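Asker: no FASTA, just this:
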């Protein structure tokens, strides 16, 4: 089986309003896929619904051929920075050690092996020197790199990242993207909620264009065609710059 993700007829509502409507798609293993669309399109809601972090009205999601509950150990999730309590008294290293918990099993505490692995993951994202800092003391880019290290510590097969590049520095963004590309080379599958259309062509293999319902899913160039992208951004000002990149203004 070469399918990493399968979503069928997914519906999600919030306080009686439909937020995600009849969304279906499947993603092959070893792809970096961006989820794009205007504000309020349901991008983050779709991501959370796929992970069963919020209830679905109806529909079905399978990850690596398994129901979500059976696939949790194979999945890593990096939430939006705004969803995290940065005042929580926990060190950078301990944040990453948490990523080893799914493999440990119930009631088992991490040992030296897990802490050594967590430190290796911190080194991979260039954050080992901050291992004893409280997580809230870091910059936005540093925090995002730590949470990517936590995801790496899980040794997952599928990665879900919700707006990972918002409010971070260019160096951190470049490093995160390089790591995601390495994961793809290893056969991992990555879904990224993303808002900057100008970088979509360079970051992703495929795009999911969403505006409550699925507008288009497929190769980046096809999704970014003006006739397609305008279906989602018809109330936004779009332009093509001299490189042919679609941007929002």
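Answerer: On my side now, so go ahead. Quick caveat, the model's predicted, so the values are computed rather than measured.
Asker: how about low-confidence regions in this structure?
Answerer: 1, 103-108, 235-249 (pLDDT under 70).
Asker: hey, where'd the strands end up in it?
Answerer: For the chain, the strands defined by DSSP state E cover 3-14, 17-28, 32-36, 58-63, 66-67, 75-78, 158-162, 189-193, 206-211, 213-219, 238-240, 246-248.
Asker: any chance of those strands in a markdown table, with mean neighbour count and distance to residue 111 too?
Answerer: For glycine as for every other residue, the C-beta is placed from the backbone atoms N, C-alpha and C. Formatted as a markdown table, these follow (neighbours: other Cβ atoms under 10 Å; distance: least, Cβ to Cβ, whole Å):
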| stretch | mean neighbour count | distance to residue 111 |
| --- | --- | --- |
| strand 3-14 | 18 | 31 |
| strand 17-28 | 16 | 36 |
| strand 32-36 | 24 | 33 |
| strand 58-63 | 17 | 29 |
| strand 66-67 | 13 | 28 |
| strand 75-78 | 22 | 21 |
| strand 158-162 | 24 | 25 |
| strand 189-193 | 25 | 29 |
| strand 206-211 | 23 | 40 |
| strand 213-219 | 17 | 43 |
| strand 238-240 | 12 | 53 |
| strand 246-248 | 17 | 48 |
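Asker: what residues does stretch 66-76 touch?
Answerer: By Cβ atoms under 8 Å, 6 or more residues apart in numbering, the surrounding residues in contact with stretch 66-76 are 50-52, 61-64, 99, 102-103, 150-152, 154, 156-160.
Asker: Could you tell me how far residue 146 is located from residue 188?
Answerer: 19 Å (Cβ to Cβ, to the nearest Å).
Asker: Neighbour count for the two, which is higher?
Answerer: In this view residue 146 and residue 188 are compared by other Cβ atoms under 10 Å, and residue 146 has more residues nearby, 24 against 20.
Asker: mind listing what that one touches?
Answerer: Contacts of residue 146 by Cβ under 8 Å, 6+ apart are 92, 95, 96, 122, 125, 127, 130, 135, 138.
Asker: Among the residues you listed, which pair sits farthest apart?
Answerer: 125 and 135 (13.6 Å; Cβ to Cβ).
Asker: what about the helices in the chain?
Answerer: 43-50, 68-71, 92-97, 101-104, 112-124, 140-153, 170-185, 200-203, 220-223, 226-229 (DSSP state H).
Asker: With residue 3 as the reference, name the closest of those.
Answerer: helix 68-71 (12.2 Å).
Asker: Mind listing what's buried along that closest one?
Answerer: Neighbour counts over helix 68-71 (16 or more other Cβ atoms under 10 Å) mark 68, 71 as buried.
Asker: Which residue lies nearest the spatial centre of this structure?
Answerer: Centroid check for the chain by Cα atoms, centre = their mean gives residue 161 as the closest residue, at 1.5 Å.
Asker: Next one: it from residue 89, what distance?
Answerer: 25 Å.
Asker: now residue 160
Answerer: In this view, residue 160 and residue 89 are 27 Å apart by Cβ to Cβ.
Asker: What is the burial count for residue 116?
Answerer: Residue 116: 9 neighbours (other Cβ under 10 Å).
Asker: List the residues that contact residue 172.
Answerer: By Cβ under 8 Å, 6+ apart, the contact set of residue 172 is 140, 141, 142, 144, 145.
Asker: close enough to count as contact, the third one and residue 128?
Answerer: Read that as residue 142. No - counting by Cβ atoms under 8 Å, residue 142 stays clear of residue 128, with 11.8 Å between them.
Asker: Who has more neighbours out of those two?
Answerer: The neighbour count for residue 142 versus residue 128, taken as other Cβ under 10 Å, is higher for residue 142 (20 against 17).
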